[in-house]
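Asks: pasting a predicted model and its sequence here:
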Amino acid sequence: MVLRESGSAAPARRRIRLARGPLTIGEPAPTIEPRLAVGEPYRPDTIADGGVVFDLTVRAASVRGLAKRFVGGPRQDDLCLAVHGGTETVIAAVADGVSGAPRSDLGAALAVRYATAAVARQLDEGSVDWAGVFEQAAWALVSEARRTGSDPAALATTLLVATARADAIAVAAVGDSPALRLHRKDYHPIVSQPALDDGLIGGAVAALPRDAGALETGSCTLESGDALLLCTDGVALPLAGGEGELARTLARELARPPDVVDFARLLDFSRSTYDDDRTLIAVWAP
Amino acid sequence: MEASAPGASEPTAVIPAPVPAPLWSGSVIGQVLPMYFVGDESHSMAGDPIAAVNQGLIDLRDEVAMHPLIGKKVRFAIITFADTAETRLELSELSEDLVLPTLAPRGRGTSYASAFEALRHTIPADIALLKGSGYQVHRPSVFFLSDGQPTDKAEKWRARLEELKDPGFRERPNVMAFGVGDADPEVIRELASAPRYGFMMASGASTAGAIAEFAASMLGSMVASAERLDRGEQTIEFEKPEGFVQLDAPLV
């Protein structure tokens, strides 16, 4: 055994270690090794994206919930981002596949892609017609169902789409995926359906393709430092109307844009009983 | 005929006055799904049928307790009825050390009315307690099992059933009803929240065997529903148990 004299000149070597594990909020969820989701099309467990465009800072992530990780099911949430150069607009969409619908993962993936493409085409022509955007997204689901000879309801999904410019935000939604404006510590709904039925969770949800007409729209402007938040109910439910520990934590962490991977890590917080897929897009004003 | 308003002619049990639905406060700690097993404990259940119920409940507890996600999200209660209703297990987390009651035949009657009345009182109190503890609560589910016909007067049990299903009753549960033995399929269908949630043992099946299948299906429903507790698209997850006929078609 070698004893070193104290005050030895050799500097202590520190191992370079990655800080591992999720952020825990309240009682932690159990730690499980996720089962890889197998199936067509490829549905990665987690996606993370982001960057700066037209003075807007964007972060986007979608993470598979613990319930799906446990059984090896695909992530049924999805998101899509696009930019429209001519009008300096960021186009963002999130979708939450209805869990009872067997191919809602595909429905969500199709809905966000077709919707953002439809918005871009309409901006080329001058202005956005939300009803047309949602009809095209619904049509994409119906065509896919026809192609495979399945029931369009098997692809049922909510859809929330936003156009964000430095001076104006517009959003439209079918279903219960809310859009919020985060102003300092407060969450202001832009569109959101009531989360509760008689004070209980368990109301019916509007979804594409059936309820393409059940469209809600809203708009707002962002002050400097505000963030537009588009999310699915995997985030909205534990957010609990903007009260509570998760709401405080998110407000604090999103006061400035985290880096892209940290944003996904933040979304993948651990909290007992909240094991649904989670998707969040945040857009910060300059 | 329309159901009479609460407090009208029919003498009703005292029903708690509605209070405004509380929004969840700053101390939300989790989401839960309350589930109630309401089982017949009348004398006709003696022997193999009641033994099948007891074994089914033990298996249910053990399976749920072993599941890493479901156990925290489900709360389970047991109410039994014969000539009276009794709460045999208060709404509880199904952990492996939970002591279950052993159901045994008792009493002379088969009072559906007492069972519905017990639910009508218990459910709002349970939900208020859960919300007060910081839980977000899903609409409760009831699994009703009987092997006989109600011994109450028809007007009486129907009045209690109306109170339980009343759209003005905020905490009204989703009811799945199962008939075995001498249960009346028409009555079972009437109890269920929707005809597809009414199930009658197929003729020729053994009652104890059908009860074992029912218990397995109750577990399956619990797991499936809790896995899909996202926005709570409130179609209850339920597959028809073996040996039962679903009552959503006219009976021949």
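Replies: Noted; the coordinates are in hand. Residues are numbered from 1 along each chain as shown, chains lettered A, B, ... in the order given.
Asks: so which residues of the chain form strands?
Replies: Using chain A. Assigned by DSSP state E, the strands in chain A fall at A:46-53, A:56-63, A:77-84, A:89-96, A:159-165, A:168-174, A:179-183, A:186-191, A:216-220, A:227-231, A:278-284.
Asks: to clarify, I was referring to chain B.
Replies: Under DSSP E, chain B gives strands at B:30-40, B:74-81, B:85-93, B:135-137, B:141-146, B:174-179, B:198-201, B:244-246.
Asks: bridging residues for A:Leu280?
Replies: A:Ala61, A:Cys231 (DSSP bridges).
Asks: so it is in contact with A:Leu228, correct?
Replies: No. With contacts counted by C-beta atoms under 8 Å, A:Leu280 stays clear of A:Leu228, the gap being 10.8 Å. Backbone N, C-alpha and C define where each C-beta goes, glycine included.
Asks: might you list the low-confidence residue ranges for the chain?
Replies: In the absence of a named chain, chain A is used. Scanning chain A with the threshold set as pLDDT under 70 gives A:1-11, A:193-197, A:203.
Asks: ah, I was thinking of chain B
Replies: Ranges of chain B meeting pLDDT under 70: B:1-26, B:227-238, B:249-252.
Asks: repeat that for 80
Replies: Scanning chain B for pLDDT under 80 picks out the ranges B:1-27, B:222-240, B:248-252.
Asks: tell me, what residue is most central in it?
Replies: Geometric centre of chain B, nearest residue: B:Val142, 2.4 Å, by C-alpha atoms, centre = their mean.
Asks: that one and chain A: what is the separation?
Replies: Distance, B:Val142 to chain A, by C-beta to the nearest C-beta, to the nearest Å: 14 Å.
Asks: surely that residue meets B:Met176?
Replies: Yes. With contact defined as C-beta under 8 Å, B:Val142 counts as touching B:Met176 (6.9 Å).
Asks: near chain B at all, stretch A:178-188?
Replies: No. Interface with chain B: stretch A:178-188 contributes nothing (C-beta under 8 Å from any C-beta of the partner chain), its closest point being 11.2 Å away.
Asks: now do the end-to-end distance for that stretch.
Replies: The straight-line separation of the ends of stretch A:178-188 (C-alpha to C-alpha, to the nearest Å) is 10 Å.
Asks: contacts for that stretch?
Replies: With C-beta atoms under 8 Å, 6 or more residues apart in numbering or on different chains as the test, stretch A:178-188 has contacts from A:160, A:162, A:169, A:171, A:173, A:189-193, A:218, A:220, A:222-223, A:225-231, A:233, A:236, A:239, A:241-242, A:247-248, A:250-252, A:254-255, A:282.
Asks: close to chain B: what parts of the stretch 51-200 of chain A are there?
Replies: A:65-67, A:70-71, A:96, A:98-100, A:176, A:196-200.
Asks: from those, which would you call buried?
Replies: Taking 16 or more other C-beta atoms under 10 Å in any protein chain shown as the criterion, what is buried in those is A:65-67, A:70, A:96, A:98-99, A:176, A:196-197, A:199-200.
Asks: list just the nearest of those to chain B.
Replies: A:Gly199 (3.1 Å; C-beta to the nearest C-beta).
Asks: pretty sure that closest one contacts B:Arg170?
Replies: Yes. A:Gly199 lies in contact with B:Arg170 (C-beta under 8 Å); the separation is 6.1 Å.
Asks: show me the contacts for B:Ala226.
Replies: B:Ala226 makes contact with B:33, B:69-70, B:73-74, according to C-beta under 8 Å, 6+ apart.
Asks: so how many other residues sit close to B:Val99?
Replies: Other residues lying near B:Val99 total 8 when counted by other C-beta atoms under 10 Å in any protein chain shown.
Asks: for it, give its distance to A:Val53.
Replies: Distance of B:Val99 to A:Val53, given as C-beta to C-beta, to the nearest Å: 61 Å.
Asks: A:Ala251 now?
Replies: Distance from A:Ala251 to A:Val53, counting by C-beta to C-beta: 24 Å.
Asks: could you check which of those two has the larger neighbour count?
Replies: Legend: neighbour count by other C-beta under 10 Å for A:Ala251 and A:Val53, higher for A:Ala251 (18 against 15).
Asks: residue contacts, the more buried one?
Replies: With C-beta under 8 Å, 6+ apart, A:Ala251 has these contacts: A:182, A:184-187.
Asks: for the stretch 101-250 of chain B, which segments count as helices?
Replies: Taking DSSP state H, counting those that start in this stretch, the helices of the stretch 101-250 of chain B run over residues B:112-132, B:154-165, B:185-191, B:207-227.
Asks: these two touch, right, A:Asp78 and A:Leu106?
Replies: No. Using C-beta under 8 Å, A:Asp78 is not in contact with A:Leu106; the gap is 9.3 Å.
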